[in-house]
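> Fold the following, please.
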Amino acid sequence: MSIEVKNVFKYFGEQAAVKDISFSVKKGEIVGFLGPNGAGKSTTMRMITGFLPVSAGEIYVAGLKVGIDNLKAQQKIGYLPENNPLYVDMYVKEYLEFVGRIYKVPNLKNRIKDMIDAVGLEVEQNKKIGALSKGYRQRVGLAQAIIHDPEVLILDEPTSGLDPNQLVEIRELIKTIGKEKTLMLSTHIMQEAEAICDKIVIISKGEIVTNKTTTELQEDASGEFLFVEFQQEISKSQLKKIKGVTHVEDYEKGFLLKATSMDELKINVSQFAQENNIILMTLKSESKSLEEIFKDLTV
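From the prediction side, this is the model:
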């Protein structure tokens with residue numbers, strides 16, 4: 001595994017920001033780390049990169065234990081923080097040379113040229129960073145994160161604040177880079193994770209609530225439900241007594257039902273309404289969007 005997080009906790013005073021989380025990222029895999037604001041995404045990424053110590057648990061990057069082999073582990077990592085801290089008074093090439101020297105990158109002049117070509121900075125390469133748009137600043141951030149050819153790339157909200165055109169460009173760039181790296185990116189946008197990632201890990205209130213491949217989550221979303229709406233007030237407990245019903249949840253002004261046999265469910269619901277003199281207003285098949293699944297898991 002390129003990244004292994006094992007039973008990790010992080011406390012700030014008595015407040016637990018991260019609670020007993022475990023997950024792994026394989027070599028060559030692009031993993032989306034999702035959650036609402038304040039869920040613990042950035043805290044977890046800072047612990048993986050060694051910028052924050054864990055309170056308990058273990059993290060390994062490329063087989064090196066973070067906190068013990070910090071310097072060696074950080075040499076294996078490329079990191080783009082959420083706020084993308086750049087030296088805005090430096091020119092693009094000057095800044096990349098500065099970062100490259102820190103990492104002691106060989107053949108640095110050629111490597112800078114390769115990075116500028118790779119992230120699409122050719123037109124802006126002779127400008128000061130402070131004169132660049134946010135989209136191009138993100139490109140500079142990506143270039144500095146990969147200039148030392150790391151095995152693992154950690155991107156924290158890499159598309160935050162971009163306009164629609166910039167967002168598409170940066171997403172495509174991340175997908176291209178991800179073909180050669182183990183890549184973990186945080187976001188709170190489900191569509192973004194679906195477009196880029198092989199696997200999605202969702203964190204809520206400091207705890208992992210799902211860890212599935214993108215395909216598995218798409219299958220969850222496409223699963224069929226039966227939406228029912230009644231004129232009278234009905235409780236979940238009443239609906240759970242309908243033959244075959246395995247799942248009941250509130251949805252809009254009615255309920256979503258699942259059963260062992262969806263084909264028989266419509267008949268059973270109709271019989272339930274008739275037997276109890278209840279007016280059935282709506283009875284139709286529904287599927288959930290990935291956004292709705294995200295909302296269900298993080299509410």
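
> where along this structure do the helices fall?
Applying DSSP state H to the chain gives helices spanning 41-48, 70-75, 92-102, 108-119, 134-146, 164-178, 190-196, 214-222, 236-240, 262-275, 290-298.

> which strand residues sit across from the residue nearest to Met1 when sequence neighbours are not counted in the sheet?
Leaving out its chain neighbours, the residue that sits closest to Met1 by CB to CB, 6 or more residues apart in numbering is Ser24, at 4.5 Å. All C-beta atoms are positioned from the backbone trio N, CA, C, and that covers glycine. Here Ser24 sits in beta bridges with Glu4, going by DSSP bridges.

> so Ser24 sits right up against Glu58, yeah?
No. Using CB atoms under 8 Å, Ser24 is not in contact with Glu58, being 11.8 Å away.

> For this structure, name the helix or strand with the lowest mean pLDDT.
Ranked by mean pLDDT, DSSP states H and E, the weakest helix or strand in the chain is helix 214-222, scoring a mean of 79.

> Any buried residues in that helix, and which?
214, 217, 221 (16 or more other CB atoms under 10 Å).

> coming back round to it: could you report the distance from the residue nearest to Met1 to Ile3?
Remark: distance between Ser24 and Ile3 (CB to CB, to the nearest Å) = 6 Å.

> neighbour count winner among the two?
Taking other CB atoms under 10 Å, Ser24 and Ile3 do not tie; Ile3 has more neighbours (23 against 16).

> Name the nearest residue to the more buried one, ignoring sequence neighbours.
Closest to Ile3 by CB to CB, 6+ apart is Val25, at 4.0 Å.

> ok, now Phe227?
Glu286 (4.3 Å).

> For Lys128, give me its contacts.
88-92 (CB atoms under 8 Å, 6 or more residues apart in numbering).

> Sorry, slip of the keys, the one I care about is Phe294.
34, 190, 202.

> will you turn those into TSV that also has pLDDT?
Listed next are the contacts of Phe294 as TSV, based on pLDDT from 0 to 100:
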residue	pLDDT
Leu34	93
Met190	82
Ile202	94
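
> low pLDDT regions in the protein?
222-223 (pLDDT under 70).

> I'd like the domain boundaries of it, if you could list them.
The chain resolves into domains spanning 3-219, 223-298 when parsed by automatic domain parsing.

> okay, those, which one's buried deepest?
When you average the neighbours per residue for each of these (mean count of other CB atoms under 10 Å), domain 3-219 leads with a mean of 18.

> looking at it, Asn181 is touching Val152, isn't it?
Not quite, residue 181 is Lys, not Asn. Yes. The criterion here is CB under 8 Å, and Lys181 meets it with Val152 at 6.8 Å.

> what touches both of these two?
Taking CB under 8 Å, 6+ apart as the contact criterion, the common neighbours of Lys181 and Val152 are Gly78.

> Can you tell me how far Ser235 is from Asp250?
Ser235 is 11 Å from Asp250, where distance means CB to CB.

> Same check on Phe23?
From Phe23 to Asp250 the distance is 30 Å (CB to CB).

> and if you look at Pro36?
20 Å.

> now do Ile189
Using CB to CB, Ile189 is found at 25 Å from Asp250.

> ok, now Ile21?
Taking CB to CB as the criterion, Ile21 is separated from Asp250 by 29 Å.
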